[in-house]
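Visitor: predicted model and sequence follow; I will ask about them next.
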Amino acid sequence: QVQLQESGPGLVKPSQTLSLTCTVSGDSITTNGGFWSWIRQPPGKGLEWIGYIAYSGSTYYSPSLKSRTSISRDTSQNQFTLQLSSVTPEDTAVYYCYADLRVAGRYWGQGTQVTVSS
């Protein structure tokens, strides 16, 4: 069973960089065919996909967030990390990490609340 756990600060000041880490257990983030995403849900709104890092290490970001987003990984720790720069209160949301392992299934982290406020 694959498990994902988000971690990071729950409060970030405007203009700073939001940084979250997803720790994965039950499978390797380098396993062929896996795509490891970040998704968020602002209060009262729907889910918004932010981007992914593939098993190969390649990345792809939502066009609307691309200029502020970076997703990286630490294969020795089996973790992947989201960095979102120049945050504003509109970036306040519950942030989820998500795994699409194709035939091996799809998995969600439990989510972590991030509030942008001074």
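Guide: Yep, that arrived. Numbering: from 1, shown residues only.
Visitor: and the gap between residue 62 and residue 7?
Guide: Residue 62 is 22 Å from residue 7, where distance means C-beta to C-beta, to the nearest Å. Using the backbone N, CA and C atoms, a C-beta is placed for each residue, glycine as well.
Visitor: ok, residue 98 next?
Guide: From residue 98 across to residue 7, the span is 15 Å (C-beta to C-beta).
Visitor: and the two? which has more neighbours close in?
Guide: Counted by other C-beta atoms under 10 Å, residue 98 and residue 7 do not tie: residue 98 has more neighbours, with 19 against 14.
Visitor: secondary structure element holding the closest residue to the more buried one other than its chain neighbours?
Guide: Closest residue to residue 98 apart from its sequence neighbours, by C-beta to C-beta, 6 or more residues apart in numbering: residue 37 at 4.5 Å. In the assignment (DSSP states H and E), residue 37 maps to strand 35-41.
Visitor: quick one: low-confidence parts of the chain?
Guide: By pLDDT under 70, the chain has no low-scoring segment.
Visitor: which residue lies nearest the spatial centre of it?
Guide: In the chain, the C-alpha nearest the mean C-alpha coordinate belongs to residue 38, at 2.7 Å (C-alpha atoms, centre = their mean).
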